[in-house]
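Asks: Model the following, please.
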Amino acid sequence: MVITVDQAFLQAQLQLRFAQQTVGVVPQGFPTLAGCTLGQQSTLFFDISGQQLFYEFPLLSGEGAVGTVRTAAETVLGHPFISIQNGPVFDIEKTRAAAAAKVILQFPGSTAVAFTPVCFNYPRIGILVDLTASNGDKLRRIFDVEFANKELLAIPEGGAIPDLEGEVVRSVFASIPEGADQD
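Replies: As a prediction, the model looks like this:
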């Protein structure tokens, strides 16, 4: 069952409040969670299968974002809370621009049709680019935020092939055992 952004925001607020009361040690240079609030603007991330995966809300301290709070976008994941992380907030516009530039370099003459925030090989995030190659072929590639200088990643037909060596893109939902509640 899909979780709405409003439900996810409430879950994120609850988890932040819980963490504010229970976290004792704070990494050097990171503001205490007790002084943080949650921004309402979220980014919805999808699995490479196309299913909604999680919402990411900015964790704010004073005027700036210092991290994120992620909550599930599908009940199939179980508990609605995923994580609180420090570090930069996903900048969708900047990432789209970087992905578009990579498409031009890697696939000259192609046209990017759609850009979708995705999570793969959890917790890695990026942009799934649907593109039409210069020869008319429809391609899907992932721009990996963590390794932005690398080539766009291909998505194996039908999900990851577990026995391949090297860089393999894996679906989060493909790792959920069969028989999991899909409602």
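
Asks: C-alpha only now, for contacts and for neighbours.
Replies: Fine.

Asks: Show me what the helix or strand hosting Leu10 is packed up against.
Replies: Assigned by DSSP states H and E, Leu10 belongs to helix 5-22. If you count contacts as 3 or more C-alpha pairs under 8 Å, 6 or more residues apart in numbering; DSSP states H and E, helix 5-22 packs onto strand 37-38, strand 52-61, strand 64-72, strand 81-86.

Asks: pLDDT weak spots in the protein?
Replies: 23-31, 157-166, 175-183 (pLDDT under 70).

Asks: related to what we said a few turns ago, of the helices and strands packed on helix 5-22, flag the one that's most buried.
Replies: Highest mean neighbour count of the helices and strands packed on helix 5-22: strand 52-61, a mean of 24 (counted as mean count of other C-alpha atoms under 10 Å).

Asks: okay, the angle between that one and strand 81-86?
Replies: 40 degrees (axes from the mean of the first three to the mean of the last three C-alpha atoms, to 10 degrees).

Asks: Pull the residues that contact stretch 128-136.
Replies: 48, 99, 107-118, 138-143 (C-alpha atoms under 8 Å, 6 or more residues apart in numbering).

Asks: rewinding a little: using PDB, write out every CA atom in the helix holding Leu10.
Replies: Taking C-alpha atoms only, helix 5-22 is exported to PDB below (Å, rounded to 0.1, in the frame of the first residue of the first chain):
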ATOM      1  CA  VAL A   5       3.700  12.400   1.500                       C
ATOM      2  CA  ASP A   6       1.600  13.700   4.500                       C
ATOM      3  CA  GLN A   7       1.700  10.400   6.300                       C
ATOM      4  CA  ALA A   8       5.500  10.100   5.600                       C
ATOM      5  CA  PHE A   9       6.000  13.700   6.900                       C
ATOM      6  CA  LEU A  10       4.200  12.700  10.200                       C
ATOM      7  CA  GLN A  11       6.400   9.600  10.500                       C
ATOM      8  CA  ALA A  12       9.500  11.600   9.800                       C
ATOM      9  CA  GLN A  13       8.600  14.100  12.500                       C
ATOM     10  CA  LEU A  14       7.900  11.300  15.000                       C
ATOM     11  CA  GLN A  15      11.200   9.600  14.300                       C
ATOM     12  CA  LEU A  16      13.100  12.900  14.600                       C
ATOM     13  CA  ARG A  17      11.400  13.600  18.000                       C
ATOM     14  CA  PHE A  18      12.300  10.100  19.100                       C
ATOM     15  CA  ALA A  19      15.900  10.400  18.000                       C
ATOM     16  CA  GLN A  20      16.200  13.900  19.600                       C
ATOM     17  CA  GLN A  21      15.300  12.300  23.000                       C
ATOM     18  CA  THR A  22      17.500   9.200  22.700                       C
END
